[in-house]
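> what follows is a protein structure lacking sequence information:
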């Protein structure tokens, strides 16, 4: 039985990967900065080995990676900026030299010189990983469905779905469950995915189509409204939505779903039904 180590295990992406691995009956080690947190304790209660390590602490990471077969790695620029994300990635690479296979969760289109700060910082890590020559797989998630969860009550109240892209422009999106399942598929059969970079998406609805689905599920009329990305307070988010509105992500959804049908890819409607049923 292989041992899979998951970084960011109490976060959204890492948590989804842990869940998917446990569903497959795999042995999991969870790495978190706060082993005493409620989420970490819940993982421990579920039979997961929980260890504490900061992504910039190479010694702690090396200890966390001891005897592990595969590692799922995720970094973030949203706490301390893009350079901090690059530093996290380099620390992970340095600490994982003895790991048989490293799976890095990047972002779709990071390899396309988008000019989006958090795409470009991930691209630097991707490049270093490829140049290392080590067995690896890069996964590129698209926009997460969950990004609208915090707005559902407002959408229900106002009947407006506001997104900073044209309402007729498709937006490739991904459920975290599908990310977890896809990453688990890579981690449990890494030789099939060795050296690959795969952008992944569950569905490709336009904001107008999302609004129609929201209206049906919320039992009220919902209208999509295109806001101006220039009005966003974050340089990073302005760049991202400008890119998404003009170009969009580049996941090959048809081929992806045909090649990996076992993921059970969730449409936006599938995902929304599940979210609403638990609220």
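Great, that's in hand. Owing to the predicted nature of the structure, the values given are computational and were not obtained by experimental measurement. Numbers count the residues shown, from 1 in each chain.
> from residue 275, how far off is residue 106?
Between residue 106 and residue 275 the distance is 25 Å, computed by CB to CB, to the nearest Å. (Glycine included, C-beta is placed from N, CA and C.)
> those two: which has the busier surroundings?
It is residue 106, of residue 106 and residue 275, that has more neighbours when counted by other CB atoms under 10 Å, with 25 against 16.
> tell me who's in contact with the more buried one.
By CB atoms under 8 Å, 6 or more residues apart in numbering, residue 106 lies in contact with 122-123, 125-126, 138-141, 197.
> tell me the one of those residues nearest residue 87?
Distance to residue 87, by CB to CB, is smallest for residue 125 among these, at 9.7 Å.
> just the helices in the stretch 151-279 of the chain please.
For the stretch 151-279 of the chain, helices defined by DSSP state H, counting those that start in this stretch occupy the ranges 152-158, 176-188, 190-193, 207-218, 235-246, 253-259, 268-277.
> between those helices, which gets nearest to residue 52?
helix 176-188 (21.5 Å).
> packing partners for the closest one?
When contacts are defined as 3 or more CB pairs under 8 Å, 6 or more residues apart in numbering; DSSP states H and E, helix 176-188 packs onto helix 12-23, strand 70-74, strand 101-105, strand 136-141, strand 197-200.
> of all the ones you listed, which one is nearest residue 238?
Once the helices and strands packed on helix 176-188 are compared by CB to CB, strand 136-141 is nearest, at 20.3 Å.
> just want the angle from that closest one to helix 12-23.
With axes from the mean of the first three to the mean of the last three CA atoms, to 10 degrees defining the directions, strand 136-141 sits at 120 degrees from helix 12-23.
> what's next to strand 136-141, contact-wise?
So strand 136-141 is contacted by 13, 101-111, 126, 129-130, 174, 179, 182-183, 186, 190, 193-200, 251 (CB under 8 Å, 6+ apart).
> sec struct for residue 9, please.
coil (DSSP: H, G, I helix; E, B strand; the rest coil).
> name the nearest residue to it, sequence neighbours excluded.
Closest residue to residue 9 apart from its sequence neighbours, by CB to CB, 6 or more residues apart in numbering: residue 30 at 3.3 Å.
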